[in-house]
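1. Need coordinates for the below:
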Amino acid sequence: MIVVMDKNYTSEDINQVVSYITNKNLDVNISKGKNECVIGILGDKSESNLEEIKNLKCVSKILKVKEPYKKANRLFHPEDTIVNINGNKIGGKHLGIIAGPCAVESEEQIVEIAKKVKLSGANFLRGGAFKPRTSPYSFQGLELDGLKLMEIAKQETGLSIVSELMSISYLDEFMNTVDVIQIGARNMQNYDLLKQVGKTDKPVILKRGLSSTIEEWLLSAEHIMAGGNENIILCERGIRTFETYTRNTLDLSAISVVKKYSHLPIIVDPSHGTGSSEYVESMAKAAIVAGCDGLMIEVHNNPKKALSDGQQSMTPEQFDKLMKKINILSNLNLDN
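-> Below you'll find the model as predicted:
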């Protein structure tokens with residue numbers, strides 16, 4: 001349930017509503033926008049006991065929330081959330097471009113790619129230090145050494161770094177190193193990991209699970225937000241279907257659905273979404289037109305020799321050409 005305050009509300013009015021709610025052993029989530037204030041009610045008690053809130057001063061109306069996720073719900077937070085990472089914003093009208101290799105392989109590799117994607121317009125560098133691979137015999141990443149190489153690339157370019165956290169045991173190292181923690185598709189429902197990340201204030205990219213519904217995805221975001229961390233960026237990276245011509249099925253409709261039901265920014269990963277560099281450009285452009293808040297694209301200086309996901313990685317030259325087209329599309333005044 002949410003309480004919508006009248007436009008003439010005062011701080012005293014908010015305190016009165018909050019006191020009424022908390023006295024019933026319920027929690028509140030206050031969201032103030034330019035033109036309104038919304039107070040979300042969090043808890044499992046019957047909503048029928050709260051009807052008398054309508055009679056409190058400056059309460060415009062109360063609304064019942066049907067969805068099981070609350071803090072991630074747009075009703076609780078009508079305005080778009082904007083996540084600020086070292087001055088680079090994602091959400092609202094701010095487009096984030098995250099580019100880099102699937103896996104960090106060497107200092108030379110990651111620094112070279114970082115410099116090239118920055119010149120093309122990327123404002124974040126991605127790189128996997130810990131790699132969840134289907135086969136135990138595939139390259140698993142350089143682990144902590146990989147994070148150190150990402151730090152070197154950041155020092156060389158100034159790009160904020162994004163890397164995937166797979167285990168709570170490495171959380172301290174990630175807090176001290178990366179600018180954005182990525183929770184991968186396989187860990188989207190690793191609730192212990194989500195709760196621990198929720199206790200931090202580090203921005204989080206939460207990828208959609210391979211076979212997860214949008215509601216399940218938003219509930220995973222809710223686990224993080226329930227801990228106090230609301231700096232969350234959702235990432236659509238394709239879901240598993242019966243189709244075999246692509247690695248996954250990129251669900252571009254998720255952009256519109258998420259924007260209707262949630263205030264959290266949503267970016268798109270067309271690299272994992274298609275599994276082929278041949279299709280990355282068209283899906284990236286489609287995602288921009290559909291209204292996404294950013295892109296995550298795999299770029300490798302020599303895809304044929306990449307230790308991980310070379311088949312879906314663009315070359316720096318291909319990425320540069322794509323960015324020129326993305327800049328044109330993102331500057332259009334499209335009605336999304």
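2. got the contact list for the spatially most central residue of the chain?
-> Residue closest to the mean C-alpha point of the chain, counted by Cα atoms, centre = their mean, is Ile233 at 1.8 Å. Ile233 makes contact with 83, 90-91, 96, 180, 203-206, 264-267, 293-294 under the criterion Cβ atoms under 8 Å, 6 or more residues apart in numbering. Backbone N, C-alpha and C define where each C-beta goes, glycine included.
3. Let's see that with 10 Å instead.
-> By Cβ atoms under 10 Å, 6 or more residues apart in numbering, the residues touching Ile233 are 81, 83, 85, 90-91, 96, 98, 162, 180, 182, 203-207, 221, 264-267, 293-294, 296.
4. what are the bridge partners for it, then?
-> When bridges are called by DSSP bridges, Ile233 pairs up with Ile205.
5. Name the nearest residue to Glu156, ignoring sequence neighbours.
-> Distances taken as Cβ to Cβ, 6 or more residues apart in numbering place Val111 nearest to Glu156, at 5.2 Å, with adjacent residues excluded.
6. Helix or strand next in line after the host helix or strand of the one you found, which one?
-> Secondary structure assigned from DSSP states H and E places Val111 in helix 107-120. Per DSSP H and E, the first helix or strand lying C-terminal to helix 107-120 is strand 124-126.
7. so what strands line up beside that following strand?
-> Counting by DSSP bridges, the strands paired with strand 124-126 are strand 96-100 (parallel), strand 160-164 (parallel).
8. The strand or helix carrying Lys154 versus helix 107-120: what angle between them?
-> For Lys154, the host element (DSSP H and E) is helix 144-157. Relative orientation of helix 144-157 versus helix 107-120 (axes from the mean of the first three to the mean of the last three Cα atoms, to 10 degrees): 40 degrees.
9. Any buried residues in helix 144-157, and which?
-> 146-147, 149-150, 153-154, 157 (16 or more other Cβ atoms under 10 Å).
10. just those now: which is nearest Phe242?
-> Ranked by distance to Phe242 (Cβ to Cβ), the buried residues of helix 144-157 are led by Gly146 at 34.9 Å.
11. From the contact counts, what lies against the helix holding Lys154?
-> helix 107-120, strand 124-126, strand 160-164, helix 171-177 (3 or more Cβ pairs under 10 Å, 6 or more residues apart in numbering; DSSP states H and E).
12. that older thread, burial of the residue nearest to Glu156, as a residue count?
-> Each residue near Val111 was counted by other Cβ atoms under 10 Å, and the total is 19.
13. isn't it right up against Val117?
-> No. With contacts counted by Cβ atoms under 10 Å, Val111 stays clear of Val117, the gap being 11.3 Å.
14. which stretches of the chain form strands?
-> For the chain, the strands defined by DSSP state E cover 2-5, 27-32, 37-42, 59-63, 83-85, 88-90, 96-100, 124-126, 160-164, 180-183, 204-207, 232-236, 266-268, 294-298.
15. Rebuild these as TSV, extending it with distance to Ser277 and mean pLDDT.
-> TSV is the format used below for the strands of the chain (distance: least, Cβ to Cβ, whole Å; pLDDT from 0 to 100):
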stretch	distance to Ser277	mean pLDDT
strand 2-5	44	90
strand 27-32	41	90
strand 37-42	43	90
strand 59-63	46	88
strand 83-85	27	98
strand 88-90	24	97
strand 96-100	13	98
strand 124-126	15	98
strand 160-164	20	98
strand 180-183	21	98
strand 204-207	19	98
strand 232-236	18	98
strand 266-268	15	98
strand 294-298	8	98
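16. Any chance of those strands in a markdown table with distance to Gly198 as columns?
-> Below are the strands of the chain laid out as a markdown table (distance: least, Cβ to Cβ, whole Å):
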| stretch | distance to Gly198 |
| --- | --- |
| strand 2-5 | 21 |
| strand 27-32 | 14 |
| strand 37-42 | 14 |
| strand 59-63 | 26 |
| strand 83-85 | 15 |
| strand 88-90 | 19 |
| strand 96-100 | 21 |
| strand 124-126 | 22 |
| strand 160-164 | 17 |
| strand 180-183 | 11 |
| strand 204-207 | 9 |
| strand 232-236 | 9 |
| strand 266-268 | 19 |
| strand 294-298 | 22 |
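17. Where do the helices of the stretch 151-300 of the chain begin and end?
-> Using DSSP state H, counting those that start in this stretch, the helices found in the stretch 151-300 of the chain span residues 171-177, 191-198, 214-226, 253-261, 270-274, 277-290.
18. Out of the ones you listed, flag the one nearest Gly238.
-> Gly238 sits nearest to helix 270-274 of all the helices of the stretch 151-300 of the chain, at 3.5 Å, using Cβ to Cβ.
19. mean confidence for the closest one?
-> Mean per-residue pLDDT for helix 270-274: 98.
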